[in-house]
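**Q** Any chance you could fold what I've pasted below:
(2 chains)
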2 protein chains.
Amino acid sequence: MSDPVMFTLDPSEEVTHWYNIVADLPTPPPPPLHPGTHQPVGPDDLAPLFPMELIAQEVTGERYVEIPEPVLEVYRQYRPSPLYRARRWEQRLGTRARIYYKYEGVSPAGSHKTNTAIPQVYYNVVNGTTRLTTETGAGQWGTALSYACSLFGAECEVWQVGASYDTKPQRRTLIEVFGGKVHRSPSRLTEAGRAFPADHTGSLGIAISEAVEMAAKDEGAKYALGSVLNHVVLHQTVIGEEALRQLAKAGETKVDLVVGCAGGGSNFAGLAFPFLREKLAGTQDPRILAVEPTSCPTLTRGEYRYDFGDTAGLTPLMKMYTLGHDFVPSPIHAGGLRYHGMAPLVSHAVHEGLVEATALHQRECFEAAVEFARTQGVVAAPESSHALAQARREALAATDEQVIVIGLSGHGLLELGAYESFLAGRLEDDVLSDADLDAALAGVPTI
Amino acid sequence: MSDPVMFTLDPSEEVTHWYNIVADLPTPPPPPLHPGTHQPVGPDDLAPLFPMELIAQEVTGERYVEIPEPVLEVYRQYRPSPLYRARRWEQRLGTRARIYYKYEGVSPAGSHKTNTAIPQVYYNVVNGTTRLTTETGAGQWGTALSYACSLFGAECEVWQVGASYDTKPQRRTLIEVFGGKVHRSPSRLTEAGRAFPADHTGSLGIAISEAVEMAAKDEGAKYALGSVLNHVVLHQTVIGEEALRQLAKAGETKVDLVVGCAGGGSNFAGLAFPFLREKLAGTQDPRILAVEPTSCPTLTRGEYRYDFGDTAGLTPLMKMYTLGHDFVPSPIHAGGLRYHGMAPLVSHAVHEGLVEATALHQRECFEAAVEFARTQGVVAAPESSHALAQARREALAATDEQVIVIGLSGHGLLELGAYESFLAGRLEDDVLSDADLDAALAGVPTI
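**A** Okay, here's the model as predicted:
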């Protein structure tokens, strides 16, 4: 029998706690600031939007947070997500590197977003929330929240960025199959939406404002965010915790490279932070590498400053790598990587030199993704293709036996239009110009 | 810890042999006949289209056929497919039945079709085939064959039924991502295609004729079929063999009902035949039930007669339930269930009273599928929704603890347009009229 290529875990090896990197960072990350007073934000400031458990997780210094049993019960429908050895791709590349990928596309919503949607809805419902509002760009987050709401019996309303709503009807249908309600943003339902013409193509910033406004004005409603915040990053660490255990079962106790795509940062951090813990503890010494698109190079060309999380400037100020909250990236297919900022915890780790970052052109990413599909049979999300392309570079450059672990955040079966453009040679590479970058950074507040 | 809901297998429990029901049937199934002589077909008759190993599997009486190691190596990328306990759906239904589903949607091509595409391409390539031709209707089979060809280094050409090609560009793109070449059928490349206007919406019958013609005129090319034939059914039995072992791990040694959708019959047989073996041996006594759409009721309203497998009458005559090879079902979304005939082995088992059959309206099927998605998180293929709807009926009627096993042949992520029609109330139920049935049956040859 040949060596196994798929690694799972026994029920006794189940991950029962999320991991909080804050407990192990050499220096504490700077706190979020109130947009009016510029003083650190307190729990009361966040209470209108989030239930108290999530606020507590946002600020906790505890190393491990127990996963509630009702959340574990849903996790067990798709977790542990499989860890695969990409043996056929290795052969195609002719590399001596051993390449593994942790695949979140098996989740009900098709991406890692389910990992945080489930606990967010759970904590909300046990605290009396009956309705959750959110925004969605690429659509992965709206899908995950809609599914989680259907399980726990909450209503779900999703403001989908107009351009995405118009061009990706399948994504809207999937949210509706799971029971969620979808509004094209800008909608006529909110003041924030009515400030724009009805046929405006929208933006994540506008959609966030609409979802926040709606949650604030309804007693039973709260708002849910799919990335960036500490509690979201916390929930995603189930990915890396599982991966460490699965790698051990594969006989790998020393990883050389951990690589993932980074948009808001939660997918990347979810895989990377448990490895960073090992690195900080000295038990392993992997390079940890975030990959972003050249069209939205937050970590590689942005500045590490306090900035708003949304375009309208309503959220707390967060210390993070940012391109400026007014920044509008050119349309690329990896909708999940088009955020102007980056999770404060990821930003801090990069700033401290614990995590590296690089940016890639999208055609190289799709080229790697097509090669990967033809060998491994998985059609990766355009976001995840960035991790594949960087892993490919590293594997081709490897002269000795390296162990590479890739975070594959989701499948691309609802993004086949992007693959079609690539195969037809219609896909363009985009690079952010210095002038556009300077203009966007000019809007960052001086603190 | 709650009871597990996902069941897998240890490497030592791997299924290493396909199961051949022919060895255990009380009476032998009638042989296929040559379309010209009406004499039983011999291996030489099939040699222009299939490699000798597949022809041998088509006629073998051996109980078990060893799965070649190179095929097992690819199976291991997605097999064993998970067996799930549908605990949340059970709760929603308020049933005492224990419902399990065996989910083939995790395969690279998203359906059970991969199980036979891999060995078919493998046997072809080791026998010198460099190019495989086939037809595809819904698109699942073309996708699976394209993926398998990319692994073993063969070219793949797919004739996609015109109506499907025009309305499902994502399916075509997916075949191309895996490296296959897609032609709209009727194409200008074959005589069979040129007999129809270029803008004709096509049919599976025409597409089969085109693929067969192309394979016959190229020395290195062979033809591959995705259902109906004995060797295809054989390859799919890996599903049922795994399910039996997984159920044992779940503590279930006595199943009351095995239910699957049936189009050409290979998905249904793949799950059902290992259970039928146990039934014939007296170790278990499950009801075994095939579900088809009312718009294409082959088993429930067709006749058990010798008929052609294709519209043009070029294939051998097979004894099977048929609606007549001229039959054109009204357009329903479950494209994979629109075949006029049924696998001879499934037909024989139904005729002998070993397997039951029933037909359902599609709106009831989608209703069950939406409920299933909202509880289990899996968006089923429209074909698979027929099995869900029938299982739902049985579970709601169950007064004691029943064990129900559902074959879930694939995901429906490329069929969200059908879900959208259902949710918008635009989906119609179709029933085949007696007059249309009589007209179609009139074309069946008298033998």
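**Q** Near chain B, which residues of the stretch 301-447 of chain A? Just list them.
**A** Contact residues (C-beta under 8 Å from any C-beta of the partner chain) of the stretch 301-447 of chain A with chain B: A:370, A:373-379, A:413-414, A:416-417, A:419-420, A:423. In short, each C-beta sits where N, CA and C put it, glycine included.
**Q** ugh, typo on my part, it should be the stretch 1-150 of chain A
**A** Residues of the stretch 1-150 of chain A lying near chain B (C-beta under 8 Å from any C-beta): A:1-2, A:4-6, A:8, A:11, A:14, A:69, A:72-73, A:76-78, A:84, A:88, A:106-110, A:114, A:147, A:150.
**Q** Which residue ranges of the stretch 251-400 of chain A form strands?
**A** For the stretch 251-400 of chain A, the strands defined by DSSP state E, counting those that start in this stretch cover A:257-261, A:287-293, A:303-308, A:317-322, A:356-360.
**Q** do the same with the stretch 51-200 of chain A
**A** Under the criterion DSSP E, counting those that start in this stretch, the stretch 51-200 of chain A contains strands at A:64-66, A:83-85, A:98-103, A:131-136, A:155-161, A:181-185.
**Q** Below-threshold pLDDT in the stretch 101-250 of chain A: ranges please.
**A** By pLDDT under 70, the stretch 101-250 of chain A contains no weakly predicted segment.
**Q** let's go with 80 and repeat that
**A** Residue ranges of the stretch 101-250 of chain A with pLDDT under 80: A:205.
**Q** nearest spatial neighbour of the closest residue to chain B within it, skipping sequence neighbours?
**A** In the stretch 101-250 of chain A, the residue that lies nearest chain B is A:Pro108 (2.7 Å; C-beta to the nearest C-beta). Nearest non-adjacent residue to A:Pro108, counting by C-beta to C-beta, 6 or more residues apart in numbering or on different chains: B:Gly377, 2.7 Å away.
**Q** residue contacts, that neighbour?
**A** For B:Gly377, the contact set (C-beta atoms under 8 Å, 6 or more residues apart in numbering or on different chains) comprises A:77-78, A:107-109, A:114, A:147, A:178.
**Q** Save those residues as JSON lines, and put in neighbour count too.
**A** Shown next, in JSON lines, are the contacts of B:Gly377 (neighbours: other C-beta atoms under 10 Å in any protein chain shown):
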{"residue": "A:Gln77", "neighbour count": "24"}
{"residue": "A:Tyr78", "neighbour count": "22"}
{"residue": "A:Ser107", "neighbour count": "27"}
{"residue": "A:Pro108", "neighbour count": "23"}
{"residue": "A:Ala109", "neighbour count": "29"}
{"residue": "A:Thr114", "neighbour count": "29"}
{"residue": "A:Tyr147", "neighbour count": "31"}
{"residue": "A:Phe178", "neighbour count": "25"}
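**Q** ok, so of those, who is nearest B:Leu276?
**A** The nearest member of these to B:Leu276, counting by C-beta to C-beta, is A:Gln77 at 29.5 Å.
**Q** now that closest one: how far from A:Thr114?
**A** Taking C-beta to C-beta, to the nearest Å as the measure, A:Gln77 falls 9 Å from A:Thr114.
**Q** Quick check: neighbours shared by those two?
**A** A:108, B:377.
**Q** how about the closest residue to A:Val5 other than its chain neighbours, what does it touch?
**A** Leaving aside its chain neighbours, A:Val5 sits nearest to A:Arg85 (4.6 Å; criterion: C-beta to C-beta, 6+ apart). Counting by C-beta under 8 Å, 6+ apart, A:Arg85 makes contact with A:3-7, A:98-100, A:250.
**Q** Hmm, A:Gly142 is touching A:Ile175, no?
**A** Yes - taking contacts as C-beta atoms under 8 Å, A:Gly142 lies within contact range of A:Ile175: 5.0 Å.
**Q** if I look at the residue lying closest to A:His361 once chain neighbours are set aside, how far off is chain B?
**A** Closest residue to A:His361 apart from its sequence neighbours, by C-beta to C-beta, 6+ apart: A:Asp429 at 4.1 Å. To chain B, A:Asp429 is 20 Å away according to C-beta to the nearest C-beta, to the nearest Å.
**Q** A:Pro329 reaches A:Leu432, doesn't it?
**A** Yes - using C-beta under 8 Å, A:Pro329 is in contact with A:Leu432, at 7.4 Å.
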